[in-house]
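**Student:** give me a model of this one.
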Amino acid sequence: MDLWVDGGKIVIEIKVAPAIEAVHKAQAISYLKVTDADLAIVVNYGGPVLEDQRLPNFLRDRQPEFVWQQDGQSLREVLLYPDLVNALQRVCHCVHFTLGPGFLHQVYRRATMIELRHSGLSYRYLKRLPVEYEGQLLGHEDVRLILIEDRVLLATFALKGAADAMPNRLRARLRQLGLELGILANFHGTRLVITPVRLG
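**Tutor:** Next up, the predicted model:
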C-alpha cells in the first residue's frame with residue numbers, strides 16, 4: 001500500500017490513471033482486509049481533476065467464508081488430471097478470495113504454497129532451472145514456479161495485461177521438465193484468471 005496513516009487507521013492508495021477503476025477500489029478493500037484499518041481512501045491524480053473515493057471498512061461486520069463450487073464448464077473437463085486440476089483451482093480461488101487484488105506476485109505465490117499445504121497437496125518450489133545447449137550446462141535461470149504432485153507446473157503472478165509470451169515460456173518449462181500440463185494463475189484483477197497450458 002502507498003500510505004498507512006493515523007496510527008494504522010487509514011489506508012491511502014495513490015493512483016495515476018484516467019479514472020478510479022473497480023480494480024483500484026478492490027485493491028484498497030484488500031488492504032482493509034489485511035490491515036483492519038478503519039478507512040481506505042483511493043486518490044487519483046491522473047484525471048483532469050483530483051479524484052478521491054472513501055471506502056469504510058465494512059468487512060469487520062461480515063466475514064464471508066470461502067466456498068468452492070466447481071462449475072460445469074471448469075478446466076476439470078478439458079485437462080489432464082481432473083481431480084488435481086479441480087484441487088488447484090480451489091486453492092487459487094481461495095487465495096484470491098482471501099487476499100483480493102493488489103498485492104505483488106510473491107505474496108500470491110507464498111499464499112498459494114500455504115494453501116497447497118493446507119489442502120494436503122505436495123509441491124516443490126522451483127526457483128532456478130538449468131539452461132543447457134546440446135547437453136552442455138550454460139548456467140541457471142530464475143523461474144519462480146510451483147511443481148504440484150510432480151505433474152502440474154503452476155505459475156502465479158499479478159499482471160494487468162498478461163503477456164502473450166507467458167504460455168510459450170511455460171510450454172518451454174514443461175518441455176524442460178518432461179511435463180504435459182501447466183497452469184497460469186493471474187491474481188491481478190477483481191476476478192482470478194486461470195489459463196491452462198498443454199504441450200502438443
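
**Student:** what packs against the lowest-mean-pLDDT helix or strand in the chain?
**Tutor:** When the helices and strands of the chain are scored by mean pLDDT, DSSP states H and E, strand 3-5 comes last with a mean of 79. The contact analysis (3 or more CB pairs under 8 Å, 6 or more residues apart in numbering; DSSP states H and E) places strand 3-5 against strand 10-15. C-beta coordinates here come from the backbone N, C-alpha and C atoms, glycine included.

**Student:** strands of the protein, start to end?
**Tutor:** According to DSSP state E, the chain carries its strands in the segments 3-5, 10-15, 39-44, 51-56, 123-133, 136-148, 152-157, 181-186, 193-198.

**Student:** show me what the least confident helix or strand of the chain pairs with in its sheet, parallel or antiparallel.
**Tutor:** Strand pairing for strand 3-5, using DSSP bridges, gives strand 10-15 (antiparallel).

**Student:** can you tell me the average pLDDT over the partner strand?
**Tutor:** Mean per-residue pLDDT for strand 10-15: 87.

**Student:** what separates the least confident helix or strand of the chain from the chain centre, distance-wise?
**Tutor:** Put simply, strand 3-5 sits 24 Å off its chain's centre (CA atoms, centre = their mean, to the nearest Å).

**Student:** let me see the contact set for Arg173.
**Tutor:** 129, 143, 145, 153, 182 (CB atoms under 8 Å, 6 or more residues apart in numbering).

**Student:** low pLDDT regions in this protein?
**Tutor:** 1, 60-64, 70-79, 162-163, 200 (pLDDT under 70).

**Student:** list the buried ones in stretch 94-105?
**Tutor:** Neighbour-count burial for stretch 94-105, counted by 16 or more other CB atoms under 10 Å, picks out 94-96, 99-103, 105.

**Student:** right, and the strands of the chain - which one's nearest Arg171?
**Tutor:** strand 193-198 (5.9 Å; CB to CB).

**Student:** can you pull the buried residues of that closest one?
**Tutor:** Result for strand 193-198 [16+ other CB under 10 Å]: buried residues 194, 196-198.

**Student:** try stretch 119-128
**Tutor:** Going by neighbour count (16+ other CB under 10 Å), the buried part of stretch 119-128 is 121, 123.

**Student:** over to it now: how far is its first residue from its last?
**Tutor:** 25 Å (CA to CA, to the nearest Å).

**Student:** contacting residues around that stretch?
**Tutor:** Against stretch 119-128 from outside (CB under 8 Å, 6+ apart): 84, 87-88, 90-91, 113, 116, 140-150.
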